[in-house]
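Asker: Build me a structure from this.
(one chain, ligands or ions: 2)
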Amino acid sequence: MDTRAELPTREYTPTDATHTASGQCLSGLLLAGRPTRLEAEAAVRTLIRWAGDNPARPGLLDTPARVARAYEEWFGGYDQDPVALLERTFDEIGGYNHAVELRDIPFDSFCEHHMAAIRGKAHIAYMPVNRVVGISKLARVVDACARRLQIQERLTDDIAIAIEDALQPAGVAVIIEAEHGCMTSRGVHAHGTRMVTKRMLGVFETDADLRREFLSSLGM
Ligand SMILES: Nc1nc2c(ncn2[C@@H]2O[C@H](COP(=O)(O)OP(=O)(O)OP(=O)(O)O)[C@@H](O)[C@H]2O)c(=O)[nH]1
Ligand SMILES: [Zn+2]
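Answerer: Ligands and ions are numbered 1, 2, ... in the order given. The predicted structure follows:
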């Protein structure tokens, strides 16, 4: 059943898509402005015709419904609150007083300029203060922030701010390396080009040695 079809709808305005000070998308507002699934499927048929094909031919008949379902996965991040994913913490960390690092977290995102795939990996470090988070939750935060329309700079910032908001650590570092489909499969066709972005907060911003240690552990 299409539950979205029952949501109250109103006119979408560009300001709906703004981010809060903590970098999180106002997903509640976005939800309220969503079209129905039938409208989304009709839009896919329009794009198929725009591409030059016939949405009524047998091979394409089920495609709009598949694309709508795929969008629910690809853009499922709008339904998730990254900070809430980090709610459960563990405070029995003994005398542990170093950074916690999680490297090579894969993600799939979409650039907000072309809606083309951004595929890459994120590296996260944070300096805990009295409590840590389950490491899978860091990968979930990356996923929730990635499965939206993004630019890589904001994706990097969203992840860092969510960790800072939720854990109040002494510092957070987020590095993302990614390939942008809009630069490889179209446009400048620069295959193999990777964009690297970094966001350093707290001690990772103020302590050059700590920052260097994290970067060199990544071979940077
Ligand atoms: N800074 C930044 N730029 C991005 C990101 N993803 C895509 N872009 C760039 O966004 C720009 C959009 O530029 P436009 O000139 O408006 O679009 P375009 O005519 O399709 O540009 P080309 O891609 O050069 O063909 C392009 O240069 C993209 O490479 C991102 O995550 N961060
Ligand atoms: Zn793009």
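
Asker: who touches the residue nearest to residue 54 when sequence neighbours are not counted in this structure?
Answerer: Closest residue to residue 54 apart from its sequence neighbours, by C-beta to C-beta, 6 or more residues apart in numbering: residue 60 at 6.9 Å. The way it works is simple: take the backbone N, C-alpha and C, and place the C-beta from them, glycine included. Shown in contact with residue 60 (C-beta atoms under 8 Å, 6 or more residues apart in numbering): 48, 53, 54.

Asker: now residue 60: how far from residue 41?
Answerer: As judged by C-beta to C-beta, to the nearest Å, residue 60 and residue 41 stand 12 Å apart.

Asker: those helices in this protein, which residues are they?
Answerer: 27-32, 37-51, 63-74, 82-85, 135-146, 152-167, 181-184, 203-206, 208-217 (DSSP state H).

Asker: Need the pLDDT of the residue nearest the centre of the chain.
Answerer: Taking C-alpha atoms, centre = their mean, the centroid of the chain lies closest to residue 146, which sits 1.3 Å from it. For residue 146, the model assigns a pLDDT of 98.

Asker: residues in contact with the closest residue to residue 76 other than its chain neighbours?
Answerer: Closest residue to residue 76 apart from its sequence neighbours, by C-beta to C-beta, 6+ apart: residue 147 at 5.0 Å. The contact partners of residue 147, taken as C-beta under 8 Å, 6+ apart, are 73, 74, 75, 76, 77, 78, 80, 108, 109.
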